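[1] model this:
(chains A, B and C)
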Amino acid sequence: MFHIPFHSIRTVTTAHLAQTMTLLSLTSNELQQQIEAELASNPALEMLDEKRCPTCKRLLSPRGICSVCSRPSQSSPEEPIVFVSTREVEYYGGGAREDDYGDDMGSAACDDLPTYVLRQIAPDLEAGDRKLAAYILTHLNEDGLLTVKLIEVAMYFHVPLARLEAIKRIIQRADPIGVGSDSPREALLVQLDVLAENGRVPDLARILVDEHLDAVSRRQFAELARLLHVPAEKVRAAAQFIGENLNPYPGRSSWGDVRSVASQQTGVYYRPDIIIGRLDDQPDTPLVIEILFPMGGTLRINPLYREAIHQAEEEQKGPMREDLERASLFVKCLQQRNHTMQRLLQRMAVLQREFILKGNKHLKSITRASLSKELEVHESTISRAVANKAVQLPNGRIIPLADFFDRSLSARVALKELITTENKPLSDAELVGLMAQRGFSVARRTVAKYRAMEGILPAHLRQSSGASYG
DNA sequence: CTATGGCACGGATT
DNA sequence: AATCCGTGCCATAG
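    Numbers count the residues shown, from 1 in each chain, chains lettered A, B, ... in the order given. Predicted coordinates:
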């Protein structure tokens, strides 16, 4: 059964459970819609203005306390700070309706991706440019790449090419970064630019992507090293960086079939629901985990409405009571959801600290079941809480929350390392031995599967990446 | 004969 | 109860 945290046991109805469960599995933008709908249909609910912390701009708790700035004297940096926040949720939710986006979007009732991108960039565009952007966005293929030439669009609309190029540049920097590029190469370059602004990027990466993408994907590191007059090791490192941080097909990062497409699972994802950062961006400080709440302000029951019941006509009282009941249920469910998410992430951050800070290699395989035991909730609660949510890590990467439970990720990373540093192509059977040494006991067949997932060719088709003489 | 990929089964996960 | 994942067996390619 469903475990309720002790302090919130009270009027627990089945409706409560059902609604909490559904709310739990919602993304923050879905939650936003849910809340908006509820707010619109139920007069007993009201949204208080948001109050923000003057120093860090994060949302204050109803009592006016900022979770970050006035945090209790943290005893250890291991303990993460977890809180619900609205920071950085900058939807163009205001006046934007679908019909603002122009009429020429074709019959293709836009997939998620075009609308999603358009929402982000709409505020940055003139009204006229929005139409152009919408047009461009409807000509993306499933990989998120452009299927028309800008020059054609320019002729079609009779606008200068430069204007379209400017729009394209804006699109490319929107969330699945690199979306709207002409080629995987261009997408990668944009991603590199953006990453370079936020952090360090191997200097080789750019030239590799720009001029030698083919060779990189064939893993001809030795030749590249010779060509570029740099150590092979640097080439490998840069190539690895590219593989881990960039995604040549920005569109493929949508939910669902992530793992089936070989080597695409390290993609760029959509808007995060959770942001993990470090306090003041200092190393060795507690992790700050923000569970994004899609709307500013605090949701509560309208006290005036409660008053109004007493003065209402007798036959009105019934329906009004119901409204009130629904409202308080909804608020409770929301609190419940936030509470669960907080506890979940709190625990998760402790368990997977290494992974969060140092990357895939350090992922511990935790199962949802084990976590549910620790937190004393039902397994399905964890499942729902984890489903369909994206986390932004301190290094800026956005991954599905479910990746925290990937049983084989660290094994795959190890495998990739083995292969990229091999001197002669190793057969799957040989890899089994090496993997065992590193603490991964897997079957030969499984090595083959991991290889496939990472998009690594079988041994006999692999270029020797070490010295050409064996 | 060796290295791989396909299919299918069973146990774990959801 | 449905689905996913690791693995064993077998066919096939080199």
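
[2] Only C-alpha atoms from now on, for both contacts and neighbour counts.
    Noted.

[3] list the contacts for the residue nearest to A:Ile398 when sequence neighbours are not counted?
    Distances taken as C-alpha to C-alpha, 6 or more residues apart in numbering place A:Gln392 nearest to A:Ile398, at 4.3 Å, with adjacent residues excluded. If you count contacts by C-alpha atoms under 8 Å, 6 or more residues apart in numbering, A:Gln392 has them with A:Pro272, A:Asp273, A:Ile274, A:Ile275, A:Ile276, A:Ile398, A:Ile399.

[4] Run a quick neighbour tally on A:Val216.
    21 (other C-alpha atoms under 10 Å).

[5] Near DNA strand B, which residues of chain A? Just list them.
    Residues of chain A that fall close to DNA strand B, judged by C-alpha under 7 Å from any atom of the strand: A:367-369, A:379-380, A:383, A:405, A:426-429, A:445, A:448-449, A:452, A:457-460.

[6] if we look at DNA strand C, which of the residues you listed are close to it?
    With the criterion set as C-alpha under 7 Å from any atom of the strand, the members of the residues of chain A next to DNA strand B near DNA strand C are A:Arg445, A:Lys449.

[7] coming back round to it: any idea which of the contacts of A:Gln392 is closest to DNA strand C?
    Distance to DNA strand C across the contacts of A:Gln392 (C-alpha to the nearest atom of the strand) is lowest for A:Ile399, with 15.0 Å.

[8] My guess is the closest one contacts A:Asn388. True?
    No - between A:Ile399 and A:Asn388 there is no contact under C-alpha atoms under 8 Å: 10.5 Å.

[9] ok, those two, which is more surrounded?
    A:Ile399 (22 against 17).

[10] so where does A:Val391 fall, helix or strand?
    Using DSSP states H and E, A:Val391 sits within strand A:390-392.

[11] Quickly check: the next helix or strand after that strand near DNA strand C or not.
    Next in sequence after strand A:390-392, counting helices and strands by DSSP H and E, comes strand A:398-400. No - using C-alpha under 7 Å from any atom of the strand, strand A:398-400 stays clear of DNA strand C, with a minimum separation of 12.9 Å.

[12] Could you pull out the buried residues of the helix or strand that comes right after strand A:398-400?
    Sequence order places helix A:409-420 as the next helix or strand after strand A:398-400, per DSSP H and E. For helix A:409-420, burial by neighbour count (16 or more other C-alpha atoms under 10 Å) applies to A:Leu409, A:Ser410, A:Ala411, A:Arg412, A:Val413, A:Ala414, A:Leu415, A:Lys416, A:Ile419, A:Thr420.

[13] How about the fifth one: what's its closest non-neighbour residue?
    Going back to what we said before, that points to A:Val413. Counting by C-alpha to C-alpha, 6+ apart, the residue nearest A:Val413 is A:Lys361, at 5.8 Å.

[14] Burial check on the one you found, number of neighbours?
    15.

[15] quick one: low-confidence parts of the stretch 351-470 of chain A?
    Flagging of the stretch 351-470 of chain A using pLDDT under 70 yields the residue ranges A:396-397, A:463-470.

[16] now what about stretch A:179-198, what contacts it?
    Under C-alpha under 8 Å, 6+ apart, the answer for stretch A:179-198 is A:136-137, A:140, A:144-147, A:168, A:171-173, A:177-178, A:201, A:205-206, A:209-210, A:213, A:246-251, A:396.

[17] Can I get the buried part of the residues you listed as one ChimeraX selection?
    In ChimeraX syntax, the buried subset of those is picked out as below (16+ other C-alpha under 10 Å):
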select /A:136,137,140,144,145,146,147,168,171,172,173,177,178,201,205,206,209,213,246,247,248,249,250,251,396
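
[18] Distance of A:Asp129 relative to DNA strand B?
    A:Asp129 sits 42 Å away from DNA strand B, going by C-alpha to the nearest atom of the strand, to the nearest Å.

[19] Where does that residue sit, in terms of helix or strand?
    In the assignment (DSSP H and E), A:Asp129 maps to helix A:127-137.

[20] now that helix, how far from the centre of its chain.
    26 Å (C-alpha atoms, centre = their mean, to the nearest Å).

[21] Can I get it as PDB, trimmed to CA atoms?
    Provided in PDB are the C-alpha atoms of helix A:127-137 (Å, rounded to 0.1, in the frame of the first residue of the first chain):
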ATOM      1  CA  ALA A 127       5.600  39.300 -34.300                       C
ATOM      2  CA  GLY A 128       6.500  39.000 -38.000                       C
ATOM      3  CA  ASP A 129       9.500  36.900 -37.300                       C
ATOM      4  CA  ARG A 130       7.400  34.500 -35.300                       C
ATOM      5  CA  LYS A 131       5.700  33.400 -38.500                       C
ATOM      6  CA  LEU A 132       9.000  32.800 -40.100                       C
ATOM      7  CA  ALA A 133      10.300  30.900 -37.200                       C
ATOM      8  CA  ALA A 134       7.100  28.800 -37.100                       C
ATOM      9  CA  TYR A 135       7.500  28.000 -40.800                       C
ATOM     10  CA  ILE A 136      11.100  27.000 -40.300                       C
ATOM     11  CA  LEU A 137      10.300  24.900 -37.300                       C
END
